[in-house]
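In: Build me a structure from this.
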Amino acid sequence: MNRRLAGRRCVISGAASGIGAAIAEAYAAEGARLLLTDRAAPRLEEVAGRCRELGAEVATQLGDVGSIEGARGGVEACVEKFGSIDVLVNNAGMLTQAPCQALSVEMWDEMMRVDLRSVFIASREALPHMLEQSWGRIINIASQLGIKGGAELCHYAAAKAGVIGFTKSLALEVSQRGVLVNAIAPGPIETPLVDGISTEWKAAKAAELPLGRFGRAHEVAPTAVLLASEPDGNLFVGQTLHPNSGDVMS
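Out: Below you'll find the predicted structure:
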C-alpha cells in the first residue's frame, strides 16, 4: 500500500479535537510521523493514541498558541524529536461572538493573537528548516468567513482574512525554494469550536448553505492530505481551498 505521507515529519496544532484531530488521524493513516500540539492534555493524548493505533509514530506537546512560546513550541519539539519538519498545519484557533459595537479591544486582540499571530510565528519557526532541505508544506486553516465576512464575527473574519493574505504573501516568497504554502477555508463545521456560537446563528447559517448542512471534520481532512502530498499537492501555491458546503463558490 502506497502511503502518501510515509515518513513525513508533520506538526499539527490544535490537534486535540475537531479539524485538527481529523487531520492528525488522516495523516497517521498515510504514514506520517506526528508532533501534535494543543492545550487540552487528556483529549490530545486520546487523539495521539488513535494515531498510534493507525501505526504512526507520535509525540505530543502541550502549549497555547496564543503565546509566542506555545506558537513555536510544536516546531521546536518536532525538530528535536524527528530532526526537522516537513509539514506544518496551523490549525489551532478560537471563535467568539459579539456585535462590533460590543467588541472590546481585549477581545479583538485575543482573536488576532490566537488565530493570526500564531500562524506567523509557527511558520517563521518552520521556514529555516524547510528552506534548508528545499522542501516543505505549510497549510493554514482559515475560514470562508475570511472571504465573505460574518455578522457578529468581525474579529474572527478579520483574523481569517489575515491568514489568507499571509498565505498568499509567504507563498510568493518561498515557493521557488521548495516550500509550498496554502490555506484551507472550511465552511461551518460541526466541531467544539462552534459551541460558543448561538443556536440561532447556527440554524440561520445552516439554512442558507446550498448543501443544507454544516460539514464534519473528517470531510475537511482529505484536503489537508492533498496539500501535504506529492505529487498531489505539487501545483498548489498560495491557494485557498474551500470545503464549505457551497457557502463560497469560486
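In: residue nearest the centroid of this protein?
Out: residue 91 (2.3 Å; CA atoms, centre = their mean).
In: Please tell me how far that residue sits from residue 104.
Out: Going from residue 91 to residue 104 by CB to CB, to the nearest Å gives 26 Å. (Each C-beta comes from the backbone N, C-alpha and C, glycine too.)
In: what do you get for residue 46?
Out: Residue 46 is 34 Å from residue 104, by CB to CB.
In: For these two, indicate the residue with more neighbours.
Out: residue 46 (14 against 10; other CB atoms under 10 Å).
In: any idea which helix or strand comes after the helix or strand containing residue 71?
Out: Take DSSP states H and E as the rule and residue 71 turns out to sit in helix 68-82. Once helix 68-82 ends, the next helix or strand along the chain (criterion: DSSP H and E) is strand 87-90.
In: top helix in the chain by residue count?
Out: helix 154-174 (DSSP state H).
In: Need the residues that contact the following helix or strand past it.
Out: Next in sequence after helix 154-174, counting helices and strands by DSSP H and E, comes strand 179-184. Applying CB atoms under 8 Å, 6 or more residues apart in numbering, the contact partners of strand 179-184 are 123, 127, 130-131, 135-142, 163-164, 167, 170-171, 174-175, 220, 223-224, 227, 233-234, 236-241, 243.
In: and the next helix-or-strand element following strand 179-184, average pLDDT?
Out: Per DSSP H and E, the first helix or strand lying C-terminal to strand 179-184 is helix 199-208. Across helix 199-208, pLDDT averages out at 85.
In: likewise stretch 47-61?
Out: Mean predicted confidence for stretch 47-61 is 98.
In: Contacts for that stretch, please.
Out: The contact list for stretch 47-61 (CB under 8 Å, 6+ apart) reads 15-17, 21, 24-25, 27-29, 31-38, 44-45, 73-74, 77-78, 81.
In: now it: how far from the chain's centre is it?
Out: How far stretch 47-61 lies from its chain's middle: 18 Å, per CA atoms, centre = their mean, to the nearest Å.
In: how long is it end to end?
Out: 13 Å (CA to CA, to the nearest Å).
In: mind checking which helix or strand of the chain has the lowest mean pLDDT?
Out: The weakest-scoring helix or strand in the chain, judged by mean pLDDT, DSSP states H and E, is helix 199-208 (a mean of 85).
In: could you dump the next helix or strand after that one to CSV, C-alpha only?
Out: Going down the chain from helix 199-208, the next helix or strand is helix 217-228, by DSSP H and E. Below are the C-alpha coordinates for helix 217-228, written out as CSV (Å, rounded to 0.1, in the frame of the first residue of the first chain):
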residue,chain,number,x,y,z
ALA,A,217,-14.2,17.4,10.5
HIS,A,218,-13.4,14.2,8.6
GLU,A,219,-14.7,15.8,5.4
VAL,A,220,-12.1,18.5,5.7
ALA,A,221,-9.1,16.3,6.5
PRO,A,222,-8.6,14.9,2.9
THR,A,223,-7.9,18.4,1.7
ALA,A,224,-5.0,18.7,4.1
VAL,A,225,-3.7,15.3,2.9
LEU,A,226,-3.9,16.5,-0.7
LEU,A,227,-1.9,19.7,0.0
ALA,A,228,0.8,17.8,2.0
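In: Great, nothing more from me.
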